[in-house]
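In: would you be able to build a 3D model of this:
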Amino acid sequence: MLKKIFLLLFILPSFTGFAQSNIPIPMKNGIIFYEKSYNSNLSKQELYSNAEKWLKNYFPEEKKIIKTPGEIAGTGIFKIVTSQSGNYYWLRFNISIAVNDNGYTLKAFNVYEKPIESGISNEYSKLEYRWWDFRQGKPWSAEDEPLFKGLDLDMTSMMTSFEKNTSK
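Out: Numbering: from 1, shown residues only. Got it, this is the predicted structure:
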């Protein structure tokens, strides 16, 4: 009996909670939501122009860029390879770049996933459902951890590129 209690208390949590990792994906109002503000001394027109140029260069396949006074919006897409067998996911998300007198605020949100592997529906679906289960220690597959690590790495790289290429 003591062995069973030991097993339940110490060994099983390490197996059931294996997916609970330290992947720092930010959430806001129940959705995956990356946001960062950047200060700049450039004129508002230069800021706006730099943001638009960056978005077109970083996501050249993006054909529909919406421009309003003070904001540029579009869609980003990342390819995240999740296994050595060649499985991957397309992650599509909204991007919004607000331009103000002091700089920019870049937001990436409404992330959708599309798995590309045999035996799985190749439709886009909200990533938050999968992220919620993963954080609760109930991953959908062994590819969840590489998927979420890839998402965070690509989002972080995107934000670094934005900062580097729009501050000039």
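In: what ranges do the strands span in the protein?
Out: Read by DSSP state E, the chain holds these strands, from start to end of the chain: 27-28, 31-39, 66-68, 71-81, 88-100, 103-116, 125-126.
In: just give the closest residue to residue 90, not the sequence neighbours.
Out: For residue 90, ignoring the flanking residues on the chain, the nearest one in space by CB to CB, 6 or more residues apart in numbering is residue 114 at 4.3 Å. Where C-beta positions appear, they are placed from N, C-alpha and C, glycine not excepted.
In: for residue 142, same thing?
Out: Distances taken as CB to CB, 6+ apart place residue 83 nearest to residue 142, at 7.8 Å, with adjacent residues excluded.
In: can you list the strands of the chain in a markdown table and add mean neighbour count?
Out: Conversion of those to a markdown table gives the following (neighbours: other CB atoms under 10 Å):
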| stretch | mean neighbour count |
| --- | --- |
| strand 27-28 | 12 |
| strand 31-39 | 15 |
| strand 66-68 | 10 |
| strand 71-81 | 17 |
| strand 88-100 | 19 |
| strand 103-116 | 19 |
| strand 125-126 | 13 |
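In: ok, back up a step: contacts only, for the residue nearest to residue 142.
Out: Under the criterion of CB atoms under 8 Å, 6 or more residues apart in numbering, the contact partners of residue 83 comprise 117, 142-143, 146.
In: quick one on the thing from earlier: out of the strands of the chain, which gets nearest to residue 161?
Out: Judged by CB to CB, the one of the strands of the chain that comes nearest to residue 161 is strand 103-116, at 10.4 Å.
In: just checking, what packs against the closest one?
Out: Packing contacts for strand 103-116, counted by 3 or more CB pairs under 8 Å, 6 or more residues apart in numbering; DSSP states H and E, involve strand 31-39, helix 44-58, strand 88-100, strand 125-126, helix 127-135, helix 144-166.
In: what mean pLDDT does that strand get?
Out: When pLDDT is averaged along strand 103-116, the result is 96.
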